[in-house]
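Colleague: Return a 3D structure for these sequence lines:
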Amino acid sequence: MKTSIDTLTYETVIGLEIHAQMKTQSKMFCPCPTQFGAEPNTQTCPVCIGMPGVLPVINKLALEFTIKTGLALGCRISAFSRFARKNYFYPDLPKGYQISQYELPICEGGFVMLNVDGKDRRINLTRIHMEEDAGKNIHEGAASHVDLNRAGVPLMEIVSEPDIRTPKEAAAYVRKIRSILRYLDVCDGNMEEGSLRCDANVSIRPLGQEALGVKTEIKNINSFKFIEKALEYEIERQRRVLKEGGRIIQETRLWNTSAGITESMRSKEEAHDYRYFPEPDLVPLVVDERWLSEMKKAIPELPDDKIQKFIGQFKLPPYDADLLASERQTAAWFEEAVSLGANPKDVSNWMMGELMRLLNETGIDIEQSPVKPAHLCGLITLVSDGTINLKIAKTVFEDMFKTGKTAGELVKEKGLVQISDIGELEKTVEAVIAENPNETNRYKAGETKLTGFFVGEVMKKTKGKANPKAVNEILRRLLG
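Modeller: Residues are numbered from 1 along each chain as shown. Down below sits the predicted model:
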């Protein structure tokens, strides 16, 4: 008996290809600069625009960056690899082929560990290979132009196995790869500028079936949000096609951000369509053990190591640890503050709250923050020793961010020292009780939630300087 399409439960299968531009000063096979945003076609030479008779020269730093990435992701580094020509014809590819790697890539295997919704997931890698980027087509009304500044910029292509099952996992995977690349300082990860972008291969199959369904490819997705939205739309589109009795066509599609849909671009090429063959102008790459050993020593502490350190050594909750370890500079800022003697959880709270808020509002990176780790330590000390209360501390932190001054300087300038004298506070509390007889009677009748009202009135009278702990103790004593 044939199973109805309506009764089938489908499983999604996703594989991702991440294209990461490397942070080299020159291109993959020529000395042209790689700076983003230059005037069109000003960063080109006969090599990267494909003039006859020119010869490519491998960028050694790009090779080192790729090997370091492979080591960080647990790949096998090939002792022998080589480049290949990938032939296709497009206006932004001046040579009519792209120098890439095919049957002998520099890195094979490897994996990334994710934790999504509390579940650990291992996403295996197929390979990492080097290639040169293409140029960029610019469409303005009825006219189209080609900017070849990007042509020849070094790229790493990081290819996953089809191990990803949900759009949320896909976005988490790209975030994790981006974090690792930025820790290694091999790619700036700027998705808006296109230095990190993603192609997604997605198919669906009946749950329990081993054979893969027909896949479609979504090209050049450049944000975490769009990765999720594009995959969600495409999965639902494929389900709808099958439900209506149609069939999935293997094709390349584009994500239309304004319409929120994927649109057909062209039929999907197979490897044989590119007519790969070994690049005749470049010798094979040989990586010796001594060089490999030197690069292994250069691998820094990576995000997963930081997370375990922050949880184990500094007793942070997993959420805090994950957030603070996501960026190398953020982790370094946190560790510096803790090394100066501040309580790790206090540092974490201030960083995830006030500091991140102000950095986001002003659009600056943590390295340029006017508040330095030592400044935060000074503020935390003033709170812990009772000099100022937490409410005043938040105001002081904003002033620190605006002026670059220390907490001590600002507290002294503005006379913000907390009032902790019990006699002085008792007089203020007694005055507040006398001025609010209705609330006092209600409190004594059992409405103890009015404590917050009385504390607020005391704070008004003292302009926020009263020690809240002392005020609460006095209120309990005077009100019974």
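Colleague: going forward, measure contacts between C-alpha atoms and count neighbours the same way
Modeller: Fine.
Colleague: how about the nearest residue to residue 96 once chain neighbours are set aside, secondary structure?
Modeller: Spatial nearest neighbour of residue 96, excluding adjacent residues (C-alpha to C-alpha, 6 or more residues apart in numbering): residue 89 at 5.0 Å. Put simply, residue 89 is coil when judged by DSSP: H, G, I helix; E, B strand; the rest coil.
Colleague: Could you report the neighbour count for residue 89?
Modeller: Residue 89 has 13 neighbours, counted by other C-alpha atoms under 10 Å.
Colleague: got it, and residue 445?
Modeller: Neighbours around residue 445, by other C-alpha under 10 Å: 9.
Colleague: residues contacting it?
Modeller: Contact partners of residue 445, counting by C-alpha atoms under 8 Å, 6 or more residues apart in numbering, are absent.
Colleague: Please tell me how far it sits from residue 438.
Modeller: Noted for residue 445: a distance of 11 Å to residue 438, by C-alpha to C-alpha, to the nearest Å.
Colleague: and what of residue 204?
Modeller: 67 Å.
Colleague: count of neighbours near residue 474?
Modeller: Residue 474, neighbours per other C-alpha under 10 Å, totals 17.
Colleague: how close does it sit to residue 112?
Modeller: 56 Å.
Colleague: Identify the residues contacting residue 97.
Modeller: Going by C-alpha under 8 Å, 6+ apart, the list of residues near residue 97 reads 85, 86, 87, 88, 89.
Colleague: need the longest strand for the protein.
Modeller: strand 119-132 (DSSP state E).
Colleague: What pairs with the helix or strand following that one, parallel or antiparallel?
Modeller: Counting by DSSP states H and E, the element after strand 119-132 in chain order, helix or strand, is strand 136-140. Applying DSSP bridges, strand 136-140 is found paired with strand 143-147 (antiparallel).
Colleague: Would you indicate which residues of the partner strand are buried?
Modeller: Of all the residues in strand 143-147, those buried under the rule 16 or more other C-alpha atoms under 10 Å are 146, 147.
Colleague: And the helices in the stretch 201-350 of the chain?
Modeller: Taking DSSP state H, counting those that start in this stretch as the criterion, the stretch 201-350 of the chain carries its helices at 224-243, 289-297, 303-312, 318-325, 328-339, 344-350.
Colleague: Other residues contacting the fifth one?
Modeller: Here helix 328-339 makes contact (C-alpha under 8 Å, 6+ apart) with 179, 182-183, 303, 306, 324-325, 344, 347-348, 351, 366-367, 373-374, 376-377.
Colleague: run the last query once more with 6 Å
Modeller: 183, 324, 325, 344, 373 (C-alpha atoms under 6 Å, 6 or more residues apart in numbering).
Colleague: closest to residue 312 among those?
Modeller: The nearest member of those to residue 312, counting by C-alpha to C-alpha, is residue 344 at 11.8 Å.
Colleague: thinking again about what came up before, residue 204 and residue 438: which is more packed in?
Modeller: The residue with more neighbours, out of residue 204 and residue 438, is residue 204; 23 against 10, by other C-alpha under 10 Å.
Colleague: what about the nearest residue to the more buried one once chain neighbours are set aside, which SS state?
Modeller: Excluding its sequence neighbours, the residue lying closest to residue 204 (C-alpha to C-alpha, 6+ apart) is residue 12, at 4.5 Å. Secondary structure for residue 12, judged by three-state DSSP, is strand.
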